[in-house]
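**Q** Sequence and predicted model, in that order:
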Amino acid sequence: MITSLSRTGKARTNTRWFAKKFTRFLLYVLVLGGALVMIYPLLWLFSSSFKPEDLIFSSPGLVPTQWTLGNYAEGWNALDYPFTRFFLSSLTVCLGAVVGNIFSCSLAAYAFARLRFKYKPFWFVLMLGGILLPAHVLIVPQYILFKELGWIGTFLPLIAPKLFATDTFFIFLMIQFIRGIPTELDDAARIDGCSHFSFYWRIILPLALPALVTTAIFTFIWTWNDFFSQLIYLSDEATFTIPVALSQFVDSTGNSAYGQLFAMSVLSLLPIFGFFLIFQRLLIQGVNTTGLKG
């Protein structure tokens with residue numbers, strides 16, 4: 001009797017173990033299938049960049065029947081300026097936006113998280129309301145303002161607003177992070193004679209590094225991929241960024257040098273992947289944590 005019960009228990013245990021493993025296997029298959037569906041367009045883009053122009057759509061498979069590097073060589077110099085200039089323009093705008101957001105948003109977040117001032121709840125709610133305001137609503141008044149300042153055709157309309165903490169999302173992100181830093185550090189800093197700015201610069205910024213890196217990565221990616229604002233403000237091809245330059249491969253009749261377009265699109269993705277891979281650990285830490293625990 002005891003032996004029979006023991007065998008039954010083992011059979012049930014083995015059945016549960018097999019069901020658990022099979023469920024996990026199905027889950028992995030579903031995740032892998034979803035990942036392949038998501039990444040397929042990128043793989044097709046990469047593959048098509050090595051195909052001759054006449055085979056891109058006539059042979060849509062992932063493995064090219066004929067290989068060529070001509071799309072990269074021709075695409076790099078297809079416009080009036082080499083793509084080196086467009087890469088430098090995009091890097092200039094992105095670095096300016098990153099530096100502006102890190103400094104201004106962290107400074108505003110420190111004020112909301114640590115300082116006491118009149119009508120603070122009102123200003124906090126007003127700041128959060130900026131998240132609900134579509135950026136496209138501001139394009140017309142901003143364009144008129146920048147035109148009066150003589151900034152149209154330069155990088156200033158894309159960089160200058162970042163110096164005034166205009167990205168509410170990053171302010172809120174840093175507020176939540178800074179609130180998690182122990183307030184005992186504030187008391188210790190006051191005893192040592194630290195001013196508010198000194199405390200912000202020497203203590204808050206180093207401790208908030210994951211949140212700063214998260215802000216930097218998202219700012220870089222969003223600015224690098226931004227087409228609408230850059231198309232509005234950059235009127236001279238000499239100042240075109242990568243997204244605007246890529247649009248020049250399509251003419252008014254809808255014809256396009258697809259091979260060259262795909263080749264330059266692949267190259268335009270490399271800085272984003274590199275930036276993400278370098279700071280991936282800090283990005284995950286910044287997203288998953290809310291600061292130090294007191």
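**A** That came in fine, so what should we check first?
**Q** so which strand or helix has residue 102?
**A** Assigned by DSSP states H and E, residue 102 belongs to helix 83-114.
**Q** from the middle of its chain, how far away would that helix be?
**A** Chain-centre distance of helix 83-114: 12 Å, with C-alpha atoms, centre = their mean, to the nearest Å.
**Q** Would you mark the buried spots in that helix?
**A** Of the residues in helix 83-114, 83, 85-87, 89-90, 93-94, 96-98, 100-102, 104-114 count as buried by neighbour count, 16 or more other C-beta atoms under 10 Å. For glycine as for every other residue, the C-beta is placed from the backbone atoms N, C-alpha and C.
**Q** Mean confidence (pLDDT) on the helix or strand that it is followed by, please.
**A** Proceeding N to C from helix 83-114, the next assigned helix or strand is helix 120-129, under DSSP H and E. Averaged across helix 120-129, the pLDDT comes to 87.
**Q** ok, residue 20 to residue 210 distance?
**A** 35 Å (C-beta to C-beta, to the nearest Å).
**Q** Model confidence at the nearest residue to residue 250 once chain neighbours are set aside, what's the number?
**A** Nearest residue to residue 250 in three dimensions, chain neighbours excluded: residue 256, at 4.6 Å (C-beta to C-beta, 6 or more residues apart in numbering). Residue 256 carries a pLDDT value of 71.
**Q** what about stretch 149-162, start to end distance?
**A** Stretch 149-162 has an end-to-end distance of 17 Å (criterion: C-alpha to C-alpha, to the nearest Å).
**Q** gap between that stretch and the chain center?
**A** That offset, for stretch 149-162, works out to 21 Å (C-alpha atoms, centre = their mean).
**Q** which residues sit against it?
**A** Contact with stretch 149-162 is made by 89, 92-93, 96-97, 99-101, 104, 142-143, 146, 219, 223, 226, 229-230, 233-236, 239, as judged by C-beta atoms under 8 Å, 6 or more residues apart in numbering.
**Q** residues of it that come out buried?
**A** 151-152, 154-155, 157-162.
**Q** Could you do stretch 210-230 as well?
**A** Those would be 210-220, 223-224, 226, 229-230, for stretch 210-230 by 16+ other C-beta under 10 Å.
**Q** Show the average pLDDT along it.
**A** 90.
**Q** for that stretch, the distance to its chain's centre please.
**A** Distance, centroid of stretch 210-230 to centroid of chain: 4 Å (C-alpha atoms, centre = their mean).
**Q** got the CA coordinates for that stretch in CSV?
**A** What follows is stretch 210-230, C-alpha atoms only, in CSV (Å, rounded to 0.1, in the frame of the first residue of the first chain):
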residue,chain,number,x,y,z
PRO,A,210,21.2,56.2,-13.1
ALA,A,211,18.3,58.8,-13.6
LEU,A,212,20.7,61.1,-15.4
VAL,A,213,21.9,58.3,-17.7
THR,A,214,18.2,57.3,-18.4
THR,A,215,17.5,60.9,-19.3
ALA,A,216,20.5,61.1,-21.5
ILE,A,217,19.7,57.9,-23.4
PHE,A,218,16.1,58.7,-24.1
THR,A,219,16.9,62.3,-25.0
PHE,A,220,19.6,61.1,-27.4
ILE,A,221,17.3,58.6,-29.1
TRP,A,222,14.3,60.9,-29.3
THR,A,223,16.4,63.7,-30.7
TRP,A,224,18.3,61.5,-33.1
ASN,A,225,15.0,60.2,-34.5
ASP,A,226,13.1,63.5,-34.5
PHE,A,227,12.1,64.4,-38.0
PHE,A,228,9.2,66.9,-37.6
SER,A,229,11.0,69.6,-35.6
GLN,A,230,14.2,69.3,-37.6
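**Q** does residue 201 count as helix, strand or coil?
**A** Using DSSP: H, G, I helix; E, B strand; the rest coil, the structure places residue 201 in helix.
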